[in-house]
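Trainee: got a predicted structure here, sequence first:
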Amino acid sequence: MAITFNNDRPLDIIAIGRACLDLNAVEYNRPLEETMTFRKYVGGSPANIVIGGAKLGLKTGFIGKVSADQHGRFIREYMTNAGVDTSSIVFDNEGRKSGLAFTEIISPEECSILMYRENVADLYLTADEVNADDIKQTKMLLVSGTALAQSPSREAVFKAIQAASAHDVKVVFELDYRPYTWKSDMETAVYYHQVAEKADVVIGTREEFNKMENVEEGTNEESVRRLFRYSPQLIVIKHGVDGSYAYERNGTVHHGKAYKTKVLKTFGAGDSYASAFLYALLQEKTVEQALHYGGASAAIVVSKHSSSEAMPTEEEIIELMANGETHG
Ligand SMILES: Nc1ncnc2c1ncn2[C@@H]1O[C@H](COP(=O)(O)OP(=O)(O)O)[C@@H](O)[C@H]1O
Ligand SMILES: O=C(O)C[C@@H](O)[C@H](O)C(=O)COP(=O)(O)O
């Protein structure tokens with residue numbers, strides 16, 4: 001097994017980062033300028049991942065800051081009802097707002113996200129608001145790269161990682177690069193690398209690894225060679241419909257193919273992939289099986305309207321793995 005977890009813990013995953021709102025275009029095949037109707041969902045990559053994990057039966061929790069208003073209360077309530085332990089979500093008492101992501105669905109191939117992230121509450125989580133005792137309760141800490149974009153959230157993440165390292169909690173770093181939040185590529189590369197060095201598992205797209213390395217076009221081989229000099233035991237690099245690769249420290253490489261599906265929109269793939277991949281690892285499945293779980297979960301979510309609410313059950317994933325066709 002690539003990763004072993006301390007099973008003597010009440011929680012499986014605690015995520016740290018943003019819990020926000022997605023406003024997904026109800027009218028498809030239209031540019032955002034002409035889209036008049038949106039449906040509200042809870043969003044934010046790490047929030048989506050723990051919601052997906054909870055749907056699969058994991059015990060999940062969330063550390064983050066939301067607005068002290070109707071939106072923040074909606075987010076917390078939705079996540080609680082989804083089965084996520086939200087006791088470590090705090091409200092921003094200085095009037096900052098929760099982030100918004102408007103999605104544009106022009107065609108299945110052409111989707112984009114317009115994020116409103118000016119002065120957002122999630123980036124104002126402080127280190128004091130991270131309780132090391134919460135982190136001791138879990139097998140895995142999931143860190144979203146966007147939470148590193150600025151202080152004080154950046155220090156809050158480093159405190160959480162220190163607590164994880166001190167208490168045998170595995171650190172999973174989801175690169176989750178969002179250009180709207182960062183000031184420069186160099187800053188992204190510096191902080192991404194610092195956290196990747198300390199993580200046990202690193203997950204990202206090829207483009208996100210390029211951001212971490214501050215290169216135009218890197219190779220998977222070079223990326224893993226660099227990172228295996230540090231802590232990571234398992235590195236996952238995603239390539240859209242070309243599937244994903246998992247690299248183990250012992251040199252084993254696995255390729256997971258993407259499943260064919262009726263694509264409605266492309267966003268949500270990464271988060272649903274991560275939740276099912278991590279679920280499979282926590283269930284002590286092989287890395288190979290975990291890649292299939294991730295790919296199947298992503299194929300289901302890209303065929304549906306949301307990222308969070310559309311997260312599949314294990315039965316749906318098993319059904320697709322058994323009967324679905326793969327690309328290439
Ligand atoms: N159009 C698609 N159809 C089916 N599966 C997809 C599609 N796009 C992505 N996936 C699956 O989701 C995984 C993650 O997608 P990718 O686009 O690489 O990441 P992200 O969504 O984080 O940018 C892929 O490895 C693949 O298994
Ligand atoms: O992460 C966000 O803030 C927006 C998400 O909620 C949105 O659904 C999305 O972009 C998901 O895409 P993914 O990260 O490719 O899964």
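Mentor: Thanks, I have it. Ligands and ions are numbered 1, 2, ... in the order given.
Trainee: tell me which residues of the host helix or strand of Glu319 are tucked away?
Mentor: Here Glu319 sits within helix 314-323, counting by DSSP states H and E. Buried residues in helix 314-323, counted by 16 or more other Cβ atoms under 10 Å: 314, 317, 320-321. For the C-beta atoms, the positions are set from N, CA and C on the backbone; glycine is no exception.
Trainee: pLDDT and distance to ligand 2 for the residues you listed - can I get that in CSV?
Mentor: Output for the buried residues of helix 314-323, formatted as CSV (pLDDT from 0 to 100; distance: Cβ to the nearest ligand atom, whole Å):
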residue, pLDDT, distance to ligand 2
Glu314, 98, 19
Ile317, 98, 16
Leu320, 98, 17
Met321, 97, 20
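Trainee: chain neighbours aside, what residue packs nearest to the one residue in the stretch 51-200 of the chain that gets nearest to ligand 1?
Mentor: At 7.1 Å from ligand 1, Pro108 is the closest residue in the stretch 51-200 of the chain, using Cβ to the nearest ligand atom. In space, and not counting its chain neighbours, Pro108 is closest to Val263: 3.9 Å by Cβ to Cβ, 6 or more residues apart in numbering.
Trainee: my read is that neighbour is in a helix, agree?
Mentor: No. Going by DSSP: H, G, I helix; E, B strand; the rest coil, the assignment for Val263 is coil, not a helix.
Trainee: so what's the residue count around it?
Mentor: Val263 has 15 neighbours, counted by other Cβ atoms under 10 Å.
Trainee: ok, so what distance separates it from Ser98?
Mentor: 28 Å (Cβ to Cβ, to the nearest Å).
Trainee: enumerate every residue touching the closest residue in space to Glu94 that isn't next to it in sequence.
Mentor: Leaving out its chain neighbours, the residue that sits closest to Glu94 by Cβ to Cβ, 6+ apart is Tyr124, at 7.5 Å. Taking Cβ atoms under 8 Å, 6 or more residues apart in numbering, we find Tyr124 in contact with 65, 92, 94, 96, 152-153.
Trainee: not counting its neighbours along the chain, what's nearest Met115?
Mentor: In space, Met115 is closest to Tyr180, 4.5 Å off (Cβ to Cβ, 6+ apart).
Trainee: which bits of this protein sit near ligand 1?
Mentor: Contact residues, the chain versus ligand 1 (Cβ under 6 Å from any ligand atom): 205, 238-241, 243-244, 258-259, 261, 263, 266, 269-270, 273, 295, 298-299, 302.
Trainee: ok, what's across the strand from whichever residue of the stretch 101-250 of the chain sits closest to ligand 2?
Mentor: The nearest approach of the stretch 101-250 of the chain to ligand 2 comes at Ala101, 4.2 Å away (Cβ to the nearest ligand atom). For Ala101, the beta-bridge partners are Asp22, Met115 (DSSP bridges).
Trainee: strand partners (parallel or antiparallel) of the helix or strand containing Lys65?
Mentor: Per DSSP H and E, Lys65 falls inside strand 60-67. If you go by DSSP bridges, strand 60-67 pairs up with strand 11-16 (parallel), strand 84-85 (parallel), strand 89-92 (parallel).
Trainee: residues in contact with stretch 249-260: which ones?
Mentor: By Cβ under 8 Å, 6+ apart, the residues outside stretch 249-260 that reach it are 2, 228, 232-234, 240-248, 287-288, 291-292, 294-296, 298-299, 320-321, 324-328.
Trainee: one more time with 6 Å
Mentor: Outside stretch 249-260, the residues that touch it by Cβ atoms under 6 Å, 6 or more residues apart in numbering are 228, 233, 241, 243-247, 287-288, 291-292, 295-296, 299, 320, 324-327.
Trainee: please apply the same query to stretch 270-283.
Mentor: Against stretch 270-283 from outside (Cβ under 6 Å, 6+ apart): 3, 12, 45, 48-49, 52-53, 56, 58, 174, 203, 289-290, 293-294, 297-298, 301, 307, 311, 317.
Trainee: so which of these belong to strands?
Mentor: 12, 174, 203 (DSSP state E).
Trainee: what bridges to the residue lying closest to the second one once chain neighbours are set aside?
Mentor: Read that as Glu174. With sequence-adjacent residues excluded and distances taken as Cβ to Cβ, 6+ apart, Glu174 is closest to Ile203, at 5.1 Å. Beta-bridge partners of Ile203, counted by DSSP bridges, are Glu174, Val236.
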